[in-house]
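Peer 1: Test case, fold it:
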Amino acid sequence: MHSIIHDTGAGFWLGHSLMVIIMITVLALILAGTYLLLSALLGRRHGDGEEPLQALAERYARGDIERDEFLKRQQDLLDLHSPRT
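Peer 2: Numbering: from 1, shown residues only. All right, here's what the predicted structure looks like:
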């Protein structure tokens, strides 16, 4: 009787290769899901654009940038977050 343990043919290597690929894929999905979950929980996404505008306003208030540059950058940020028509 032929034993599967001693099979060294193409089917043996194909099965093991496929198993390794699946394991790597599952691990990658777990890591990606963990990263997305943690980034959402820690609030690292700026979906509404208010935080960049606030940071810009603070730079202007401190005197780091001039009025003209503040207005230009403010308009750039508002253009980025306005719906395109």
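Peer 1: contacts and neighbour counts: CA atoms only from here.
Peer 2: Noted.
Peer 1: how is this structure carved up into domains?
Peer 2: Per automatic domain parsing, the domain ranges recorded for the chain read 1-45, 50-81.
Peer 1: and the longest one, what's its mean pLDDT?
Peer 2: What that stands for is domain 1-45. Confidence over domain 1-45 (mean pLDDT, whole number) is 80.
Peer 1: for stretch 58-71, same thing?
Peer 2: In this model, stretch 58-71 has an average pLDDT of 94.
Peer 1: measure it end to end?
Peer 2: Using C-alpha to C-alpha, to the nearest Å, the end-to-end distance of stretch 58-71 comes out at 13 Å.
Peer 1: Go through it and flag the buried ones.
Peer 2: Judged by neighbour count using 16 or more other C-alpha atoms under 10 Å, the buried positions of stretch 58-71 are 60, 70.
Peer 1: Make 87 the first number, not 1, from now on.
Peer 2: Fine by me, first position is 87 from now on; the one you just mentioned is stretch 144-157.
Peer 1: Show me the contact partners of that stretch.
Peer 2: Residues outside stretch 144-157 that contact it (C-alpha atoms under 8 Å, 6 or more residues apart in numbering) are 142-143.
Peer 1: Please compute how far that stretch lies from its chain's middle.
Peer 2: 31 Å (C-alpha atoms, centre = their mean, to the nearest Å).
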